[in-house]
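Participant: no sequence for this one, just the structure:
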């Protein structure tokens, strides 16, 4: 057995699922677990390290891992707490900016990266991401017409909805051919020709629903709505992703689509839909593990409080605090703070 594999095995055994070996650096132990693919155990080590001996590096590693795991709802409060403790930390600000960008909050991401550059004009991470984000959000010039004689030019006129007429549904082979031609036409468009991209993807979704292209167009259209303008088009994101989840419930895109959809519900103030989302999530997962229960409960309770169901919100916050059992985990600290404000 190699020394590296032996070290990983020893760390895993010593952790016991909740800590690390006496005298061992939690930063190093967590990194070893992450390299071994033990992300949940690594996260536990990082968070326990933050609780007992916080450091900028632990916040950075924990926040980065949460982002990697796409647990953005937990990454945001953790990184905000880290920045409050280490306000000069540009790495934490950069990381929070990236998480904000991933959840569709482009404006806050830009603000964070601009703040980084105010402190360090040569920060390459902030410069690159700020340029990328602003370029994608740049105003679009008057677009050219779809290629003359193309399928796009013939099919997209008036094609704004996502559900086609069942009576006019094409045979599968014709759907495939049409979708391939539309994607070929899109490849010939100027990359800033957003209106035609929008219309063509909608045509794929509407006229080629039985093809894999339709699912891809739902996702790509949500990307367009997320990043193409100064602020995300949450109404558009919600429209196409609700259609994707309803129409293709077994699609591999659904888990990430649900995450993005939830962020758009929150960002657009649709708190009733956030509540429904978590009600369904808890029905499907009645016994989540501790970490998921705590993070889901914080989001669920926040939405409940916003629609004036404060008694239920209090109950959830109290459950999070009780589950913490005096370990002073991040989620319990957030729950206490919010409970005090109700």
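Facilitator: Now that the structure is in, tell me what you want to look at. The model shown is predicted, which means the values in this text are computed figures rather than measured ones. Numbering: from 1, shown residues only.

Participant: What mean pLDDT does stretch 275-286 get?
Facilitator: Averaged over stretch 275-286, pLDDT sits at 92.

Participant: outside of that stretch, which residues touch it?
Facilitator: By Cβ atoms under 8 Å, 6 or more residues apart in numbering, the residues outside stretch 275-286 that reach it are 258, 261-262, 265, 288, 292, 296, 299-300, 303-304, 307, 309. Bear in mind the C-beta positions are built from the backbone N, C-alpha and C, glycine included.

Participant: Which positions in that stretch come out as buried?
Facilitator: The neighbour-count check on stretch 275-286 (16 or more other Cβ atoms under 10 Å) flags 275, 277, 278, 281 as buried.

Participant: Next SSE downstream of the helix or strand the second one falls within?
Facilitator: Applying DSSP states H and E as the criterion places residue 277 in helix 271-284. Read in the C-terminal direction, the helix or strand following helix 271-284 is helix 290-306, with elements assigned using DSSP H and E.

Participant: just checking, what packs against that next one?
Facilitator: Judged by 3 or more Cβ pairs under 8 Å, 6 or more residues apart in numbering; DSSP states H and E, helix 290-306 is in contact with helix 39-52, helix 72-85, helix 254-267, helix 271-284, helix 310-324, helix 330-341.

Participant: For residue 116, see how far away residue 263 is.
Facilitator: With the distance defined as Cβ to Cβ, to the nearest Å, residue 263 ends up 23 Å from residue 116.

Participant: mind putting the helices and strands packed on helix 290-306 in CSV, distance to residue 59 included?
Facilitator: Shown next, in CSV, are the helices and strands packed on helix 290-306 (distance: least, Cβ to Cβ, whole Å):
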stretch, distance to residue 59
helix 39-52, 6
helix 72-85, 3
helix 254-267, 22
helix 271-284, 27
helix 310-324, 19
helix 330-341, 10
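
Participant: Looking at those helices, spot the one closest to residue 217.
Facilitator: helix 254-267 (12.7 Å; Cβ to Cβ).

Participant: What are the boundaries of the helices in the stretch 101-250 of the chain?
Facilitator: 106-119, 124-136, 151-155, 172-187, 194-207, 212-227, 234-247 (DSSP state H, counting those that start in this stretch).

Participant: so can I have a markdown table of the ones you listed showing mean neighbour count?
Facilitator: Below are the helices of the stretch 101-250 of the chain laid out as a markdown table (neighbours: other Cβ atoms under 10 Å):
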| stretch | mean neighbour count |
| --- | --- |
| helix 106-119 | 18 |
| helix 124-136 | 15 |
| helix 151-155 | 18 |
| helix 172-187 | 16 |
| helix 194-207 | 22 |
| helix 212-227 | 21 |
| helix 234-247 | 19 |
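
Participant: which one of the ones you listed has the lowest average pLDDT?
Facilitator: Among the helices of the stretch 101-250 of the chain, helix 151-155 scores lowest, with a mean of 44.

Participant: who's in contact with residue 300?
Facilitator: 274, 275, 278, 282, 316.

Participant: Closest to residue 243 out of those?
Facilitator: residue 274 (18.9 Å).

Participant: Make sure that closest one is actually in contact with residue 299.
Facilitator: Yes - under the criterion of Cβ atoms under 8 Å, residue 274 makes contact with residue 299 at 7.2 Å.

Participant: Distance-wise, check the residue nearest to residue 110 when sequence neighbours are not counted relative to residue 305.
Facilitator: Leaving aside its sequence neighbours, residue 110 sits nearest to residue 133 (Cβ to Cβ, 6 or more residues apart in numbering; 5.9 Å). Separation of residue 133 from residue 305 (Cβ to Cβ): 31 Å.

Participant: can you check residue 127 too?
Facilitator: 39 Å.

Participant: Hmm, residue 129 is touching residue 112, no?
Facilitator: No - Residue 129 is not in contact with residue 112 according to Cβ under 8 Å; the separation is 9.5 Å.
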